[in-house]
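Enquirer: This is the structure alone, sequence omitted:
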Ligand SMILES: NC(=O)C1=CN([C@@H]2O[C@H](COP(=O)(O)OP(=O)(O)OC[C@H]3O[C@@H](n4cnc5c(N)ncnc54)[C@H](OP(=O)(O)O)[C@@H]3O)[C@@H](O)[C@H]2O)C=CC1
Ligand SMILES: O=C(OP(=O)(O)O)[C@H](O)COP(=O)(O)O
């Protein structure tokens, strides 16, 4: 069976998920929505992806320039088994009624509240919870990054304190800042700690700061340990954890700039770094505290999670078979 997939919201996340769907042998991309006939809409068409207007109200924009759409979102919903909602944060919850009415399963992204879906999802942490579900939320990029590494060392965690240094905007997003400021999330905890708890039951507090960069987010993580572990054992655990890669400053990975260059050198589409990048030298244990620093490519780390969520919702594969298939199809290194 090939699951028929639609993508509502063909932006940073939506276009990458659409691409990933085309790489799966058990899924078929039926179409994507656009609100306007900009270069992304024309590029989708060139790629042979049917483009639907995101709603009837947007049709005149397409008609005006003679851009032929395949229909509107309601037509797309009639064609698909599942819709991946990658519209701006908060819009997914409003769209849910449309999906319910059409009897279509839906995946929401991290900009939506946990209550929008039946389960909040990170494949390697709780794949089974999404089996057969109708509404799943793939948690935010930072939450996904935290959950990947923390679930790997879950048995050692007493309490986690993490500071998120968040990129201000995506490279394509010219409207956002800050340009010359650091913006704290003045509410502590930031949404990330409580969000991790929607996936794995650990003690965690987080704070977050937005800084003027577009490349990646960086996390400084401190874990109070429940039982002793040595740094070299944490290295071994991360080395055997899927979608987590260790990078060494010693080899020239001084900053997020080199991590992105590494993804470019791999000829990854859009220089996606699907894996969470942990600096090996940063892994250290002092007394009962473990420290490490990791980076998250916000544009791409949630993409494999969307693919695994589809497999779980349609019970197409068990957890490790799904992760294996997704990793192989996207060239994820391990
Ligand atoms: N960017 C990131 O770093 C990450 C984002 N997320 C989450 O993913 C979700 C999407 O974010 P992101 O991809 O960055 O957002 P973008 O702004 O890049 O893309 C959203 C897209 O939604 C489309 N859109 C706008 N209005 C409507 C509408 N009324 N109906 C349908 N589509 C509409 C726009 O398409 P059009 O061009 O046609 O107007 C736009 O391209 C959010 O929940 C976000 O929190 C999660 C992880 C990381
Ligand atoms: O999910 C993300 O970040 P978050 O985990 O800090 O909420 C994405 O980078 C989107 O964040 P944005 O809402 O600042 O664009």
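Expert: Looks like it came in fine. Predicted model, so just to flag it, every value in this text is computed and none were measured. Ligands and ions are numbered 1, 2, ... in the order given.

Enquirer: residues near the residue in the stretch 201-334 of the chain that ligand 1 sits nearest to, how many?
Expert: Residue of the stretch 201-334 of the chain nearest ligand 1, by CB to the nearest ligand atom: residue 298 (3.3 Å). No exception for glycine: its C-beta is placed from N, CA and C like everyone else's. Counted by other CB atoms under 10 Å, the residues lying close to residue 298 total 24.

Enquirer: For it, which non-adjacent residue is closest in space?
Expert: Ranked by CB to CB, 6 or more residues apart in numbering and with sequence neighbours excluded, the top spatial neighbour of residue 298 is residue 141, at 4.1 Å.

Enquirer: Settle this for me: the one you found is touching residue 301, isn't it.
Expert: Yes. The criterion here is CB atoms under 8 Å, and residue 141 meets it with residue 301 at 5.3 Å.

Enquirer: where's residue 219, which helix or strand?
Expert: Using DSSP states H and E, the element containing residue 219 is strand 217-225.

Enquirer: Starting from that strand, tell me which strands it pairs with and how they run.
Expert: Applying DSSP bridges, strand 217-225 is found paired with strand 157-167 (antiparallel), strand 289-296 (antiparallel).

Enquirer: just to revisit the earlier point, contacting residues for the residue nearest to residue 298?
Expert: 110, 217, 296-299, 301-302 (CB atoms under 8 Å, 6 or more residues apart in numbering).

Enquirer: And residue 297, by the same measure?
Expert: With contact set as CB under 8 Å, 6+ apart, residue 297 has these partners: 141, 215-216, 259-260, 263, 272-274, 277.

Enquirer: now do residue 15
Expert: Contacts of residue 15 by CB under 8 Å, 6+ apart are 7, 32, 40, 44.

Enquirer: Are we agreed that it is in a strand?
Expert: No. The assignment for residue 15, made by DSSP: H, G, I helix; E, B strand; the rest coil, is helix rather than a strand.

Enquirer: about what we covered before: quick check: the residue nearest to residue 298 vs residue 200, distance?
Expert: To residue 200, residue 141 is 17 Å away according to CB to CB, to the nearest Å.

Enquirer: In this structure, what residue spans correspond to helices?
Expert: 12-22, 39-46, 59-64, 73-79, 91-102, 123-126, 141-152, 192-197, 231-239, 256-265, 303-313, 319-330 (DSSP state H).

Enquirer: Get me the contact residues on the stretch 201-334 of the chain for ligand 1.
Expert: With the criterion set to CB under 6 Å from any ligand atom, the stretch 201-334 of the chain comes near ligand 1 through 298-299, 302.

Enquirer: ok, these vs ligand 2, which is closest?
Expert: Set against ligand 2, the nearest of those by CB to the nearest ligand atom is residue 298 (3.8 Å).

Enquirer: can I assume the closest one is in contact with residue 168?
Expert: No. Counting by CB under 8 Å, residue 298 stays clear of residue 168, with 10.8 Å between them.

Enquirer: Count the neighbours of the closest residue to residue 119 other than its chain neighbours for me.
Expert: Distances taken as CB to CB, 6+ apart place residue 129 nearest to residue 119, at 4.7 Å, with adjacent residues excluded. Number of residues near residue 129 (other CB under 10 Å) recorded here: 15.

Enquirer: what's the answer for the one 10 residues further on, then?
Expert: Other residues within reach of residue 139 by the criterion other CB under 10 Å amount to 28.

Enquirer: again, but for the one 3 residues further on
Expert: Other residues near residue 142 number 28, with proximity taken as other CB under 10 Å.

Enquirer: Any stretches of the chain with poor pLDDT?
Expert: Nowhere does the chain drop to pLDDT under 70.

Enquirer: Noted, bye for now.
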